[in-house]
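Chemist: Sequence first, then the predicted structure:
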Amino acid sequence: MLADCLAGHDDLEEAFAEYTGRRFERCKLVVDTSLDIAEWEMGRKPGFDNVAATDHVLEVMAQPL
């Protein structure tokens, strides 16, 4: 993904802006879900469905961009 963005732009700022735009939401989902799982494991998020959250992340990550 990064190589595609860099190859498509002469300007690095534009390339990185495109890369951020294409990857940010997916990366944010992984980070946010990881934090939720950590909170659940520490007993701070009762009722959290770890399996459903993990399945959701895996489904999203399997989708092409």
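Modeler: Received the coordinates, thanks. Numbering: from 1, shown residues only.

Chemist: Against residue 21, how distant is the residue nearest to the spatial centre of the chain?
Modeler: When C-alpha atoms, centre = their mean is applied to the chain, the residue found nearest the centroid is residue 27 (2.0 Å). According to C-beta to C-beta, to the nearest Å, residue 27 and residue 21 sit 12 Å apart. Bear in mind the C-beta positions are built from the backbone N, C-alpha and C, glycine included.

Chemist: can you check residue 48 too?
Modeler: The gap separating residue 48 from residue 21 is 30 Å, by C-beta to C-beta.

Chemist: and if you look at residue 42?
Modeler: Counting by C-beta to C-beta, the gap from residue 42 to residue 21 is 33 Å.

Chemist: and if you look at residue 40?
Modeler: 30 Å.

Chemist: Just want to know which of these two has more residues nearby.
Modeler: Taking neighbours as other C-beta atoms under 10 Å, residue 40 and residue 21 compare with residue 40 leading, 16 against 10.

Chemist: now that one, nearest residue through space, not along the chain?
Modeler: Leaving aside its chain neighbours, residue 40 sits nearest to residue 48 (4.1 Å; criterion: C-beta to C-beta, 6 or more residues apart in numbering).

Chemist: and the one you found, which of the three is it?
Modeler: Here residue 48 is recorded as coil under DSSP: H, G, I helix; E, B strand; the rest coil.

Chemist: contacting residues for it?
Modeler: When contacts are counted by C-beta atoms under 8 Å, 6 or more residues apart in numbering, residue 48 touches 36, 37, 39, 40.

Chemist: Find me the pLDDT at it, would you?
Modeler: At residue 48, the model reports a pLDDT of 97.

Chemist: which phi and psi does it have?
Modeler: Per-residue torsions, residue 48: phi -70, psi 130 (degrees, to the nearest 10).

Chemist: ok, how many other residues are close to residue 30?
Modeler: If you count neighbours by other C-beta under 10 Å, residue 30 ends up with 12.

Chemist: Name the helix or strand for it, please.
Modeler: Assigned by DSSP states H and E, residue 30 belongs to helix 12-41.
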